[in-house]
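> only geometry, no sequence info:
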Ligand code: FES
């Protein structure tokens, strides 16, 4: 074994690479290799801050006051525990009390909870106060140990790995056993992937399309009656759906909100294009995680999702102005049929509902 200081240029006296400015110890392992380790600590000891005595360390009166406080807390805890026993004996277990917010609750259970909770709380606060104010408070130093294992342990671990490799006979016919083992491990890893089929069938185009199609009549959600355009008042919000669609999954995607606004208030040309004389149809499904949007502020013309407060501006293409939703509400292009009833002119202008992997 040899020991020397590196000179700061990265090379020891014999030309071996060293660590800048630190003492290095080099030893020879049983396998004939050389091992080097730093023998000094590369991090300077920052030392200890001077000990700051607490008030209770230097002021006898403060100390006595803290002792009294701790004893008072423990004493009150004892009284609360006695109160628990008294409550058990004195309160009828069928008695009830009425509390605001909680309603009717058993009087005995209430007393048990209060007394026991108070008793434990006072023990806890008393112990904390005792330890912070009265127990000794020395700064404790714990020496940092090297994370590197001792050299004999490292050598015996390396020898064990080598011995294991020799005993496995892998070295003699590496391709026969090693190759087949790799194949078996690979197959065992890949085989469970077949279970991913159970996640199917793939959604294909279902995420992008709904039941709406050209000339599909728009009807009221509950009455199933068609909606005449002239009957939609300004400021109203009507929940509607496509006529004759019974499949609940399809209905859930296709449900819309019909709103009538003054056309000259609209700031979005595309919105005007998809609407009919100030009547607009937006998806009722929030683009955050799919809650039904249920609130319309007539004054501000904002649609609000009650789940996480995403807010959409219906004067501007139902774009998001607040909340976690990442994109505008999809708009359904609408028109009227020969009888003046609202119909769709096609499907939504973008996928409805929560954003999925291809949607921002
Ligand atoms: Fe609408 Fe979250 S689902 S804000």
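Cool, the structure landed. Computed from a predicted model, the values in this text were never measured in an experiment.
> so where's this structure shaky on pLDDT?
Residue ranges of the chain with pLDDT under 70: 1-43, 357-360.
> Residues of it that sit close to the ligand?
Proximity of the chain to the ligand is confined to 286, 288-291, 305, 307-308, 310, 323-325 under the rule Cβ under 6 Å from any ligand atom. No exception for glycine: its C-beta is placed from N, CA and C like everyone else's.
> If we use 8 Å, what do you get?
Within the chain, the positions adjacent to the ligand are 286-291, 293, 305-310, 323-325, 354 by Cβ under 8 Å from any ligand atom.
> can you tell me how far residue 224 sits from residue 260?
21 Å (Cβ to Cβ, to the nearest Å).
> higher neighbour count, the two?
Neighbours per residue (other Cβ atoms under 10 Å) separate residue 224 from residue 260, with residue 260 holding more: 20 against 10.
> who touches that one in this structure?
By Cβ atoms under 8 Å, 6 or more residues apart in numbering, the contact set of residue 260 is 232-236, 278-280.
> Then residue 48?
139, 141.
> Check which helix or strand it maps to.
Under the criterion of DSSP states H and E, residue 48 resides outside all helices and strands.
> what do you get for residue 315?
Using DSSP H and E, residue 315 falls outside every helix and strand.
> Could you give the number of residues near it?
Neighbourhood size, residue 315 [other Cβ under 10 Å]: 17.
> How about it, nearest residue that isn't a chain neighbour?
In space, and not counting its chain neighbours, residue 315 is closest to residue 301: 4.9 Å by Cβ to Cβ, 6 or more residues apart in numbering.
> Please look at that neighbour and residue 314 and confirm they touch.
Yes - under the criterion of Cβ atoms under 8 Å, residue 301 makes contact with residue 314 at 5.0 Å.
> Surely residue 230 forms part of a helix?
Yes - counting by DSSP: H, G, I helix; E, B strand; the rest coil, residue 230 falls inside a helix.
> still on that earlier bit, distance of the residue nearest to residue 315 relative to residue 124?
54 Å.
> Of those two, give the one with the bigger neighbour count.
residue 301 (19 against 12).
> Would you point out which residue of the stretch 51-200 of the chain is nearest the ligand?
Among all residues of the stretch 51-200 of the chain, residue 199 sits closest to the ligand, at 23.5 Å; criterion: Cβ to the nearest ligand atom.
> List the backbone torsions phi and psi for that residue.
phi -80, psi -10 (degrees, to the nearest 10).
> Can you pull up the most central residue in the chain?
residue 324 (14.0 Å; Cα atoms, centre = their mean).
> Same question for the closest residue to residue 227 other than its chain neighbours, what's its three-state structure.
Closest residue in space to residue 227, ignoring its immediate chain neighbours: residue 342 at 4.8 Å, by Cβ to Cβ, 6+ apart. Three-state call for residue 342 (three-state DSSP): strand.
> So residue 342 is in contact with residue 226, correct?
Yes - using Cβ under 8 Å, residue 342 is in contact with residue 226, at 7.3 Å.
> what is in contact with these two at once?
Going by Cβ under 8 Å, 6+ apart, residues that sit against residue 342 and also against residue 226 are 217-218.
> These two: which has the busier surroundings?
Taking neighbours as other Cβ under 10 Å, residue 342 and residue 226 compare with residue 342 leading, 25 against 18.
> do you know how far that one is from residue 241?
Separation of residue 342 from residue 241 (Cβ to Cβ): 12 Å.
> One more: residue 126?
In this structure, residue 126 and residue 241 are 65 Å apart, going by Cβ to Cβ.
> can you give me the helices in this protein?
55-58, 60-90, 107-133, 151-167, 179-190, 248-254, 269-274 (DSSP state H).
> Let me have these in TSV, extended by distance to residue 338.
Below are these laid out as TSV (distance: least, Cβ to Cβ, whole Å):
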stretch	distance to residue 338
helix 55-58	91
helix 60-90	79
helix 107-133	70
helix 151-167	85
helix 179-190	60
helix 248-254	23
helix 269-274	21
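> closest one to residue 203 among those?
When those are compared by Cβ to Cβ, helix 248-254 sits nearest residue 203, at 11.3 Å.
> re the thing from before, overlap in contacts, residue 342 and residue 241.
If you check residue 342 and residue 241 against Cβ under 8 Å, 6+ apart, the residues they both contact are residue 218.
> tell me the domain boundaries of this protein?
Listed domain ranges for the chain are 2-38, 56-136+158-199, 214-359 (source: automatic domain parsing).
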